[in-house]
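> Show me the folded form of this:
(2 chains)
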Protein chains: 2
Amino acid sequence: MHSVNSSSVSFSALGRRAEPPTIARLMSMALEQEKLLSLAVGFTDNRTLPVIGVEAAVEALARQSGEPEYLQYGTNQGRPGLRQLLTERLLLAEPKLKANAVAESLMITNGSQQALYLAIQVLCDPGDIVLVDRPSYFVFLEMLTGLGVQARSIPVNAAGRIDGEALRQSLVEMETNGETKRLKAVYFVSYFSNPSARSLAESEKNTVAQVLTERGLIIPVLEDAAYRDLYFRQPQAARSVLGLPAWETFPKFYLSTLTKSFATGLKIGYGFCSDKAWLKKMLHVKGHHDFGTANFNQAIFEHVLAGGGFGAQLARIRPTYEAKMRWLHGVLEAEGLSALGWRWAEPTGGLYLWLEAPLALDTSMDSAFCHACIREGVLYVPGDLCFGDVAPKNFVRLSFGVLSESDLVEAGRRFVTVAKRFG
Amino acid sequence: MHSVNSSSVSFSALGRRAEPPTIARLMSMALEQEKLLSLAVGFTDNRTLPVIGVEAAVEALARQSGEPEYLQYGTNQGRPGLRQLLTERLLLAEPKLKANAVAESLMITNGSQQALYLAIQVLCDPGDIVLVDRPSYFVFLEMLTGLGVQARSIPVNAAGRIDGEALRQSLVEMETNGETKRLKAVYFVSYFSNPSARSLAESEKNTVAQVLTERGLIIPVLEDAAYRDLYFRQPQAARSVLGLPAWETFPKFYLSTLTKSFATGLKIGYGFCSDKAWLKKMLHVKGHHDFGTANFNQAIFEHVLAGGGFGAQLARIRPTYEAKMRWLHGVLEAEGLSALGWRWAEPTGGLYLWLEAPLALDTSMDSAFCHACIREGVLYVPGDLCFGDVAPKNFVRLSFGVLSESDLVEAGRRFVTVAKRFG
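Predicted coordinates:
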């Protein structure tokens, strides 16, 4: 009865801009290849997922006295108890926050992705500009494109560190071009970044704040700390923008997720906003999106956090991810990738290896190298997807989160086999 | 360290439009009154929430062999197994769909609210117009306002039934004013509506399709069937737009929720879209919102639907809601509200009573009547919130979902006490 081939729909500007994620094309290229090992997908380790912890939380909730409010609607902003626990957790990492930090400034979202979407929705009109780290999180970059917003990279030096002088030049150029009035926010993934595995030093964050301040650009900052808990041995010492004096006068949104570090299937993120007006706007729009993230999932996390289960799960997965990183890193070394001129740093946290191929080697999605990898049975994320503007074509993101150790070794071998062919 | 009083943020057009829900003001008025009984909040019955069913589903998932993929990321569109089960369920209600309906045309969302948001986001620019039922779902109306979209009521006659001739006049006027090019969609809550408890007859739906067709307006239709499963004794016989020949050439989005009828805390909705291009656009934008609804919640519903637990829960709650409706309806009658000139129909499903006060009585949010009710300790939704345009001020929505039977009786008494004072 329904006509699936209708094409009579007239779309909004946002609808017309909406495109499939670039990565979808990679996935469909990969579909043709059986027995593919994916170093592309950013999933987490299946064997350490907290099956018992989640089951125990649900059982405990079911045995609570009183009405089963955990199965009822919650509030738009999120469970007060969960917000309180997350605030306390945040205070451990950012002790200077103590005086002013309150659970009222924190909102619960459908993963940290929704927090990013809400922040940009209320800040940016089509044609506006957001400064992003280089490289940056490609799902965020595609979201910006979907909202008609331009990304502009924060320049980095040859070592990949933020280059304050180049940023100053870039902002002066934007002033000259009349673009600074369109500059609405700055965004970076600051701990064990996706894709680079790199963490920003305090000095780098301070540089950005100082140069923006110098140019009179006190704009909102989004610090994406999705991987902050996923260090291998010890936390990254750098304070977030919430604790750095250089950022004091800036409106700040610090966001993270409970799902990457616990169970991705539960999809709970959160954002802590220093600016009440900004927080309220995001909450009003969230009211239109869904009027609150699933209360059940929040109740599970509240139970898990209150009972110490979150920390226990982190203690369990940190060595797992370090071991997985070492298997992948090790096989790339052992098979001779360095000798071919590839460079990468051994991460101290996160889920990714970020490889720089020799400059002459094109590893982008439509490259011969990428197609050869798929034929060889290994998939990666072409690094050129991870740049807000001019993109080098010789970077590769490898994820070691989901594959088993033996599959990581096999996938790494296949990757180096292809690299040798192009070497 | 953070400055909570900063007000330096420059917002987007959407951000500037974002306002707190009108109902929030009602709630804050109510905060001053202790021992308030709320007939306003649209929550569901706490005592019949499926505590055991959810716990059993989680236990069964934990005992599955293989990797615990239910705790891992899912897909953007939603679990294939759940989409298949929902498609089969939809086919029971809409047998004519069979030939073409496929799980590929269905998407899982964060409650049906997200389905509505995505649909409007990809269809409407600010200034566009959506035809809505009269009265209509006030959260949808506020969402339209947030997106800068105008609602225009589908005219009804004195009996509250869709008036085809008046709709024709209205569309002719829009043509004259050059507004029809901005008319982008039509929306109605067609089964046991929020707020009116009314269901649309097939003839009413057909009238809308015929008048739109006559005016050359083959625009997308959103049929919100959130309460379709919540009949008391027997399903509403009217087919949806998916099965009505008059709507055959229209792009159709039929949406509903699993949470109202099972557990609101799990927040899973879905939409079935007859137009592939429209579905794809919504999916691309969902990729930016959250790249997929919580896989865990979907897995629970997949288990519950596959094992018959969803039907069992419906069989359990239908008599509960009918009994609750009768308690509230009964006390209003017994206390003499009809004798005061108030009119309402006894619902055959849903969660609401929709009362029409005598024309001279103002029951809107800032009315003396509303304030008197709060002082008396009873809260309701002022009906004027539920109209897309010119709003009568003598309607009231009462929800019987959440209060216990004794509280419903007490709340009803308080309500009639005030009505008598204004009588």
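> what does stretch A:208-220 contact?
For stretch A:208-220, contacts defined as Cβ atoms under 8 Å, 6 or more residues apart in numbering or on different chains pick out A:119, A:123, A:131, A:154, A:162, A:164, A:167-168, A:171-172, A:175, A:180, A:183-186, A:188, A:221, A:241, A:244, A:246-247, A:249-253, A:275, A:278, B:8-9. Any C-beta I mention is one placed from the backbone N, CA and C, and that applies to glycine too.
> next one: stretch A:52-69
Applying Cβ under 8 Å, 6+ apart, the contact partners of stretch A:52-69 are A:70, A:263, A:266, A:295, A:299-300, A:303-304, A:307, A:309, A:312-313, B:46-47, B:49, B:51-52, B:54-55, B:58-59, B:62, B:71, B:265, B:296.
> rewinding a little: now intersect the contacts of stretch A:208-220 with the helices, please.
Among the contacts of stretch A:208-220, the members found in helices (DSSP state H) are A:119, A:123, A:164, A:167-168, A:171-172, A:175, A:278.
> from those, which would you call buried?
Listed as buried from the ones in helices among the contacts of stretch A:208-220 are A:119, A:123, A:164, A:167-168, A:171, A:278; burial here means 16 or more other Cβ atoms under 10 Å in any protein chain shown.
> Can you check the pLDDT for residue A:6?
What the model reports for residue A:6 is a pLDDT of 44.
> how distant is the helix or strand hosting residue A:414 from the center of its chain?
Counting by DSSP states H and E, the element that carries residue A:414 is helix A:405-422. For helix A:405-422, the distance from its own C-alpha centre to the chain's C-alpha centre is 26 Å (Cα atoms, centre = their mean, to the nearest Å).
> So which elements touch the worst-scoring helix or strand of chain A on mean pLDDT?
The helix or strand of chain A with the poorest confidence is helix A:22-31; it has a mean of 79 (mean pLDDT, DSSP states H and E). Judged by 3 or more Cβ pairs under 8 Å, 6 or more residues apart in numbering or on different chains; DSSP states H and E, helix A:22-31 is in contact with helix A:138-146, helix A:368-376, strand A:381-382.
> Just the buried positions in stretch A:376-393, please.
A:376-388, A:391-393.
> what does stretch A:333-341 give?
Under the neighbour-count criterion of 16+ other Cβ under 10 Å, stretch A:333-341 has A:333, A:335, A:337 buried.
> Could you tell me how far the residue in the stretch 201-350 of chain A that chain B sits nearest to is located from residue A:359?
Chain B sits closest to residue A:274 of the stretch 201-350 of chain A, with a gap of 3.4 Å, by Cβ to the nearest Cβ. Going from residue A:274 to residue A:359 by Cβ to Cβ, to the nearest Å gives 41 Å.
> ok, the two, which is more surrounded?
More neighbours surround residue A:274 than the other of residue A:274 and residue A:359, with 27 against 10 (other Cβ atoms under 10 Å in any protein chain shown).
> pretty sure residue A:166 contacts residue A:158?
No: counting by Cβ atoms under 8 Å, residue A:158 is not a contact partner of residue A:166; they are 11.3 Å apart.
> Compare these two and say which one has the larger neighbour count.
A count of neighbours by other Cβ under 10 Å puts residue A:166 above the other of residue A:166 and residue A:158, at 15 against 6.
> Quick one: residues contacting that one.
Residues in contact with residue A:166 (Cβ under 8 Å, 6+ apart) are A:155-157.
> can you tell me which of the ones in helices among the contacts of stretch A:208-220 lies nearest to chain B?
Using Cβ to the nearest Cβ, those come closest to chain B at residue A:278, 4.8 Å.
> The closest one contacts residue A:251, correct?
Yes: counting by Cβ under 8 Å, residue A:251 is a contact partner of residue A:278 at 5.6 Å.
> Mind listing the shared neighbours of these two?
Common contacts of residue A:278 and residue A:251, defined by Cβ under 8 Å, 6+ apart, comprise A:220, B:9.
> what's around residue A:170, how many residues?
Other residues lying near residue A:170 total 17 when counted by other Cβ under 10 Å.
> One more: residue A:26?
Residue neighbour count, defined by other Cβ under 10 Å, stands at 20 for residue A:26.
> Now do the contacts for it.
By Cβ under 8 Å, 6+ apart, the contact list for residue A:26 reads A:40, A:365, A:370, A:379, A:381-382.
> The one residue in the stretch 301-423 of chain A that gets nearest to chain B - nearest residue in space that isn't next to it in sequence?
As assessed by Cβ to the nearest Cβ, chain B sits closest to residue A:402 within the stretch 301-423 of chain A, at 8.0 Å. The shortest distance from residue A:402 to any non-neighbouring residue, by Cβ to Cβ, 6 or more residues apart in numbering or on different chains, is to residue A:43 (3.9 Å).
> Can you tell me the closest non-neighbouring residue to the residue of the stretch 51-200 of chain A found nearest chain B?
The nearest approach of the stretch 51-200 of chain A to chain B comes at residue A:122, 3.3 Å away (Cβ to the nearest Cβ). Spatial nearest neighbour of residue A:122, chain neighbours left out: residue B:15 (3.3 Å); criterion: Cβ to Cβ, 6+ apart.
> in what helix or strand does the one you found lie?
Using DSSP H and E, residue B:15 falls in helix B:13-17.
> Tell me the buried residues in that helix?
Residues of helix B:13-17 classed as buried by neighbour count (16+ other Cβ under 10 Å): B:14-15, B:17.
> I'd like these as TSV, with distance to residue A:291 and pLDDT appended.
What follows is those, written out as TSV (distance: Cβ to Cβ, whole Å; pLDDT from 0 to 100):
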residue	distance to residue A:291	pLDDT
B:14	17	97
B:15	18	97
B:17	17	96
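> Residue B:35: which of those is nearest?
Closest approach between the buried residues of helix B:13-17 and residue B:35, by Cβ to Cβ: residue B:17, at 36.6 Å.
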